[in-house]
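Engineer: build me a model:
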Amino acid sequence: MNNIKKISKVTVVDSIMGSGKTSWAIQHMKENPDDNFLYITPYLDEVQRIIDKTERDFKQPINKGNGKLDSLNGMIACQEDIAFTHELFKHLDENSRESIKNNHYTLILDEVLEVITPYNDIRKDDIKVMQSSGLITVNEDGFVNWNKDKMDYDTKYNEIKMLADNHSLLYVKEEFLVWRYSPEIFRLFDKIYIMTYLFEVSVLKNYLDAYGIGYDTKSVINENESYKLVDYFVPDTSVYASLINIYDGTLNTNIRQKQASFSATWFKRSDNKDKIKQLKNNLYNYLHNIVNAKSDNVMWTTFKDAKNKLKGKGYTNQFVSCNCRSTNEHSDKYNLAYCLNIYVHPAIIHFFREKGIEIDQNLYALSEMIQWIWRSRIRIDENINIYIPSARMRRLLNNWLNMTSEYKEAV
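Structural biologist: A predicted model of the protein is given here:
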């Protein structure tokens, strides 16, 4: 399946949001002054938090004319402690890799990294066009290779040329293009800590398994005002049931739905136009009439491409991306609406299926939804209201809150 030697220097810190993972990381960095750290987090505001909270001289890459990557590479070469975003981490080059390896860094990854991403900026027959014109070949492992004698060609496929040259583009099931993060990156660090919740159902977990990258899973606890890692345990999520008021009324039943209703594909279907209009009316009704929300306490989401179909008076600007995680920016919000139904993209499903790995669609969806909900004030143990039109997503959340056997057996 692969030729990467199994390694086990990765520690997954899997604990529910608000349990102290970031506090443990800050404490750990204070307790290990001789180690060099790269701290990677989704958002710039969290980068600043690490810079402000640690007693180390953390640096942040700055574009001084040659891009942030050039700045980052200079800092790594000087063995600086550096905090930066997931997005920049996904663009490490050969200089970055060599310096990380030589300077003995510890990686702290705040939240799972997108390591497999569908490449959608391409039309159905573009691959066939590129193959027939001799621009690319696809090897037996599925990697797209840009032919060396065509490297100086300037075409509309220049981005594909760059990704293919970086050995990061795969053709899956002769149908999908996917970008793959190089698993070799994880071999460069002396130690790696991945901080998240429900790691077992994440794409990153399946990726590590696929490429033979071993890991130990721990949980974090606060004991005598000190954070420590302990053997992994499943938290009692039923304690949140009394704090989360899930809407259960006619707005859940006035749109006829199936299992996959409110999915990304559902929103794109022209024959669902009337249902989408009804969903928009439901969203407005819930926020304005059911919970009497004010704009400053609202937080709502749907797929990015569907946002304009549901936005409305009094709540449009309170949209929070459905993949938002690892930020406290919205911790004062308590009237929520989760207007989508999450499924793993087929390209990712087939990528792992070719490696003999099946992704649990339900638990993946649950994990994504919980991460979003925990951006609200539930993270500080205060009650919230939430409207979830998808019957499937409501069921998943209720199962999690009631610690059903389905949930416990899976994690």
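
Engineer: which residues does stretch 64-72 contact?
Structural biologist: Counting by CB atoms under 8 Å, 6 or more residues apart in numbering, stretch 64-72 makes contact with 61-63, 82, 84, 88, 91-93, 96, all of which sit outside it. Heads up, the C-betas are built off the backbone N, CA and C, glycines and all.

Engineer: what subset of those residues is buried?
Structural biologist: 61, 82, 84, 88, 92, 96 (16 or more other CB atoms under 10 Å).

Engineer: CA atoms of stretch 145-165 as CSV?
Structural biologist: Taking C-alpha atoms only, stretch 145-165 is exported to CSV below (Å, rounded to 0.1, in the frame of the first residue of the first chain):
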residue,chain,number,x,y,z
ASN,A,145,2.9,13.7,-13.5
TRP,A,146,3.4,16.8,-15.7
ASN,A,147,5.7,15.7,-18.5
LYS,A,148,9.1,17.3,-18.2
ASP,A,149,9.3,18.3,-21.9
LYS,A,150,6.2,20.4,-21.3
MET,A,151,7.3,22.2,-18.2
ASP,A,152,7.8,25.5,-20.0
TYR,A,153,4.2,25.5,-21.4
ASP,A,154,2.0,28.3,-20.3
THR,A,155,-1.6,26.9,-20.2
LYS,A,156,-4.8,27.3,-18.2
TYR,A,157,-3.6,24.2,-16.3
ASN,A,158,-0.6,26.0,-14.7
GLU,A,159,-1.8,25.3,-11.2
ILE,A,160,-2.1,21.6,-12.0
LYS,A,161,1.4,21.7,-13.4
MET,A,162,2.7,23.1,-10.1
LEU,A,163,0.8,20.6,-7.9
ALA,A,164,1.8,17.7,-10.1
ASP,A,165,5.4,18.8,-10.0
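
Engineer: give me the mean pLDDT for it.
Structural biologist: For stretch 145-165, mean pLDDT is 91.

Engineer: buried ones in it?
Structural biologist: Those would be 146, 157, 160-161, 163-164, for stretch 145-165 by 16+ other CB under 10 Å.

Engineer: quick check: the farthest pair among these?
Structural biologist: Farthest-apart pair in those is Tyr157 and Leu163; separation 9.9 Å (CB to CB).

Engineer: how near is the residue of the chain positioned farthest from its centre to Asp360?
Structural biologist: Largest separation from the mean C-alpha position in the chain: Asp149, at 37.3 Å (CA atoms, centre = their mean). Remark: distance between Asp149 and Asp360 (CB to CB, to the nearest Å) = 45 Å.

Engineer: likewise for Val344?
Structural biologist: For Val344 relative to Asp360 (CB to CB), the value is 9 Å.

Engineer: quick one, helices of the stretch 1-150 of the chain?
Structural biologist: 21-31, 44-53, 68-77, 86-89, 94-102, 126-132 (DSSP state H, counting those that start in this stretch).

Engineer: who's in contact with Cys339?
Structural biologist: Contacts of Cys339 by CB under 8 Å, 6+ apart are 262, 279, 283, 300-302, 306, 310, 387, 389.

Engineer: perfect, that will be all.
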